[in-house]
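> Give me the fold of what follows.
(chains A and B)
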Amino acid sequence: MGSCLSCVDILTALYFEVLRVDIQNPRAIERDRFILSKGHGAPALFQVLAMRGFYPEAWLDNYGVDGGVFAEHPPTPDHLAGIEAATGSLGHGLPIGLGMALAARVQQQRYKVYAVLSDGECNEGSVWESAMLAASQKVSDLCVVVDFNKWQATGRSEEVLALAPLAEKWRAFGWNAVEVDGHDMNALLDAFARFALGGERPTAIIAHTVKGKGVSFMEDDNNWHYRIPTAEEVAKAKIELGVAA
Amino acid sequence: MRNAFADEVTKLASQDARVIMLSGDIGNKLFDNFKKVDERRFYNCGVAEANMMGVAAGMALSGLRPVVYTITPFTTTRCFEQIRVDACYHHVPVTIVGTGSGLSYAELGPTHHSLEDLAILRTLPGMSVLAPCDANELRACMRAALKQDGPVYIRIGKKGEAVVFNEVPALTIGKVAIVRPGSDVALLCAGTLMAETLEAATQLNAQGISTEVVSMHSIKPLDVDYLAAAATRFKLIATIEEHGLIGGLGSAVAEWRSRVNAPVRQLAFGTPDEFMHEVGSQEYARRKYGLTAGDMATAVVNALKG
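A predicted model of the protein is given here:
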């Protein structure tokens, strides 16, 4: 839950304001691509895709049901409309997204590719391998958003593997990097608008977020990386989030 | 095989705009002709194989037909999880080519030996695993691979492999090619040991043992129809591979024999469960592990006596 609440504002900004997608034709070649590289945020993505109209929200009643498609990580694109890549193993989404961006170049398409990574995911060497190739190839249609909630599975991300200075790291790897409040919709949209201006470099948006954002008893408490809320906690969270019936 | 690979992928790229080459910083000048076809379809992805495999999958998800190329350990064991998740789980047409397979780079030491690649890649759902025996069979494998909808691994040697096929053979993935017919014993070779296999067959024929030689270019899918017939036609079948005895062609055939309770003996030639710690050429390593024609012929003769 914590990981979903830290990135859901980013996903909302992307799916409702930024991404050029067609829910009637979800595989249209010219569509923008979005990859939730931090696949453990899947419940947030499933909800946003449903609200955007890729499939009925009622389908989500089958979340976690045996035999269904809504698991704890996104399925492959063949199994759910709107999904571009099956993630869950960290450090895969950016390389796949880079491949999609390079394919656009070969196929003379103009689409853009967005990937949301977690700060813990930046532990993976493949992220930095990918960052270097994107820079050498000047892939300016590629945008990474790091959901920087300062936690990973078992501890503070800065303490597990030293991340700081994260924005400077991306700049040192040849990227444009901007830091924003990842829960400030206007700031996010402004950062995406600057990315869309183009240039020669890929863009990394370091989104400062709060794990469990919006639910007082979850905010910045890493127990909610794994915990499943009780029915009572769900009811309380819904009231705090203003979505209670 | 290396030059034939570069030539064939260049031809295929000139015929099909979806074909795109990814190299892990090897093949200096090898791909100059490819670049002449279309420089935008050649990417040197650097010494960063995990990313290279993910990039290939992303390209394949976007409708391209990427061919990923580097030295075998680095395009297989190095990035196994990317092959598993990005190429196989998504079931996309990524063609992975490993060069210098088996003991081709014996003198570079075990970091550059590849004696596990067939074993691990064979475990992945939807993956085809191919080991052509010469340059022309490699060309046929490349053409077949690029027509597949899913991932394919092609294990190739380095250079100077003996010519087995004078022209590019008709090839179906999952169907063996009978190189030399026989009736007592069948030698089933996957890949780079074909010259030794043919010489072993010559020695056995000279001793009155009629020996069939087969190119088992498809380790997965396995030609079970051929094997079923072979089980009744031959007194003995022998699997031959420049690969560990755990998990490769020998294991695949043994699994099949067990599954169907096939009434035929199998000898398995390959490398033992060890790293080679001393310096040695490919010829030295093959002698050390009993993979020469003479060693294999002797082992077959002894097995038939036993």
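
> how many neighbours does the closest residue to A:Gly53 other than its chain neighbours have?
Nearest residue to A:Gly53 in three dimensions, chain neighbours excluded: A:Ile23, at 4.3 Å (CB to CB, 6 or more residues apart in numbering or on different chains). (Glycine included, C-beta is placed from N, CA and C.) A:Ile23 is flanked by 12 other residues according to other CB atoms under 10 Å in any protein chain shown.

> is it true that A:Ile23 touches A:Phe54?
Yes. With contacts counted by CB atoms under 8 Å, A:Ile23 reaches A:Phe54, the gap being 5.4 Å.

> Mutual contacts of those two, please.
Overlap of the contact sets of A:Ile23 and A:Phe54 (by CB atoms under 8 Å, 6 or more residues apart in numbering or on different chains) consists of A:81-82.

> Distance check, the residue lying closest to A:Ser89 once chain neighbours are set aside against B:Val224.
Nearest residue to A:Ser89, sequence neighbours excluded (CB to CB, 6+ apart): B:Val85, at 5.3 Å. Relative to B:Val224, B:Val85 is positioned 29 Å away (CB to CB, to the nearest Å).

> related to what we said a few turns ago, ramachandran coordinates for the residue nearest to A:Gly53?
Per-residue torsions, A:Ile23: phi -70, psi -20 (degrees, to the nearest 10).

> ok, back up a step: out of B:Val85 and B:Val224, which sits in the busier spot?
Between B:Val85 and B:Val224, counting by other CB under 10 Å, B:Val85 is the more crowded of the two (23 against 14).

> pretty sure that one belongs to a helix, no?
Yes. Counting by DSSP: H, G, I helix; E, B strand; the rest coil, B:Val85 is part of a helix.

> from what I can see it touches A:Gly91, true?
No. B:Val85 is beyond contact range of A:Gly91, at 10.0 Å (criterion: CB under 8 Å).

> hmm, stretch B:48-63 touching chain A?
Yes. Against chain A, stretch B:48-63 shows contacts by CB under 8 Å from any CB of the partner chain at B:48, B:50-63.

> Drop anything exposed from these.
Buried members of those, scored by 16 or more other CB atoms under 10 Å in any protein chain shown, are B:48, B:50-62.

> Please dump the residues you listed into TSV; it should also carry secondary structure and pLDDT for every row.
Below are these laid out as TSV (DSSP: H, G, I helix; E, B strand; the rest coil; pLDDT from 0 to 100):
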residue	secondary structure	pLDDT
B:Ala48	coil	98
B:Ala50	helix	98
B:Asn51	helix	98
B:Met52	helix	98
B:Met53	helix	98
B:Gly54	helix	98
B:Val55	helix	98
B:Ala56	helix	98
B:Ala57	helix	98
B:Gly58	helix	98
B:Met59	helix	98
B:Ala60	helix	98
B:Leu61	helix	98
B:Ser62	coil	98
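
> what stretches of chain A score poorly on pLDDT?
Counting by pLDDT under 70, chain A shows low-confidence ranges at A:245.

> Chain neighbours aside, what residue packs nearest to the residue most central in space within it?
The centroid of chain A falls nearest to A:Val116 when counting by CA atoms, centre = their mean (2.9 Å). Nearest residue to A:Val116, sequence neighbours excluded (CB to CB, 6+ apart): A:Val145, at 4.8 Å.

> try B:Asp225
Leaving out its chain neighbours, the residue that sits closest to B:Asp225 by CB to CB, 6+ apart is B:Lys175, at 7.9 Å.

> ok, how many other residues are close to the one you found?
Going by other CB under 10 Å, the residues that sit close to B:Lys175 add up to 13.

> Look up phi and psi at the residue nearest to A:Val116.
phi -120, psi 120.

> Now for it, how many residues are close by?
Neighbours around A:Val145, by other CB under 10 Å: 29.

> contacting residues for it?
Going by CB under 8 Å, 6+ apart, A:Val145 touches A:10, A:114-117, A:182, A:204-205, A:207.

> quick one: which of those is most hemmed in?
Neighbour max across these (other CB under 10 Å) = A:Ala115, 31 neighbours.
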